[in-house]
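A.B. asks: Sequence first, then the predicted structure:
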Amino acid sequence: MSGNTPLYLVMAAAGLIAAFGAGLFPTRVAAGDLNKPIPAPVLDMANDADTEVAVLAGGCFWGQQGVFQHVKGVSRVVSGYSGGAKETATYEQVARETTGHAEAVEITFDPKQVSFGTLLRIYFSVAHDPTQLDRQGPDHGPSYRSQVFAVTPRQAEIARAYIAQLDAAGLFTGPIVTRVEPLAAFYAAEDYHQDYMARNPGDSYIRVHDAPKVAALARVWPDHYRPDPVLLAHR
């Protein structure tokens, strides 16, 4: 988990989004700017349950866990593996890029405080770059792919609709390559991967590639950001 600084997405501010919709600014924005939000999903879901679970993959799970641990309404984030068999769901085997797994995070959240669509909004903006195929920044291989592992058919419907919405808006410099497939299983990663960002803030990989994502969350989505992360070690 080392290499060059990853490229991030560039978003459009609310007025610019309206202009896109009106056809006034047909050109795409460039990559590398985390200062502006992206539009909310047109299709979202209301859920009166106390908790809901989402499983998202978008590069190294250290950063994904670190970002979503700072989101209001999220009560638990676990780093792990999805997309392959239980027998090969270990870091050593997944790193060989032959198991079919993606590094993913399992996010437990209160849908009355933060919707699934809002989590996707954060995911597609500051958490990772959804235009990078089978890689994320310095990390290469299908285990670092962008993928929504839909826990329910409704989640799959919302995710696919949002991808189509964002692509149609032409906000990114390339097409979104995020896969959407039903969740078969999620396997928690080894203990040393859990809360990695919080436990290793001085790690060079964290400082260069992941800490900026949390800073972007605070800057771009202040209403959804909380300064103290919810950590597995505290539960």
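C.D. replies: Yep, that arrived. Numbers count the residues shown, from 1 in each chain.
A.B. asks: where does the nearest residue to Val55 once chain neighbours are set aside sit relative to His101, distance-wise?
C.D. replies: Leaving aside its chain neighbours, Val55 sits nearest to Phe149 (4.0 Å; criterion: C-beta to C-beta, 6 or more residues apart in numbering). Backbone N, C-alpha and C define where each C-beta goes, glycine included. Applying C-beta to C-beta, to the nearest Å, the value for Phe149 to His101 is 11 Å.
A.B. asks: Touching both of these two, which residues are there?
C.D. replies: Residues within reach of Phe149 and of His101 at once, by C-beta atoms under 8 Å, 6 or more residues apart in numbering, are Ser82, Gly83.
A.B. asks: This protein: strands as residue ranges?
C.D. replies: 52-58, 74-82, 102-109, 135-136, 139-140, 146-150, 179-182, 186-188 (DSSP state E).
A.B. asks: Would you mind putting those strands into JSON lines with mean neighbour count, mean pLDDT and distance to Ile206 alongside?
C.D. replies: Formatted as JSON lines, these follow (neighbours: other C-beta atoms under 10 Å; pLDDT from 0 to 100; distance: least, C-beta to C-beta, whole Å):
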{"stretch": "strand 52-58", "mean neighbour count": "24", "mean pLDDT": "98", "distance to Ile206": "16"}
{"stretch": "strand 74-82", "mean neighbour count": "22", "mean pLDDT": "98", "distance to Ile206": "13"}
{"stretch": "strand 102-109", "mean neighbour count": "25", "mean pLDDT": "98", "distance to Ile206": "15"}
{"stretch": "strand 135-136", "mean neighbour count": "22", "mean pLDDT": "95", "distance to Ile206": "14"}
{"stretch": "strand 139-140", "mean neighbour count": "16", "mean pLDDT": "96", "distance to Ile206": "13"}
{"stretch": "strand 146-150", "mean neighbour count": "24", "mean pLDDT": "98", "distance to Ile206": "20"}
{"stretch": "strand 179-182", "mean neighbour count": "15", "mean pLDDT": "98", "distance to Ile206": "26"}
{"stretch": "strand 186-188", "mean neighbour count": "17", "mean pLDDT": "98", "distance to Ile206": "20"}
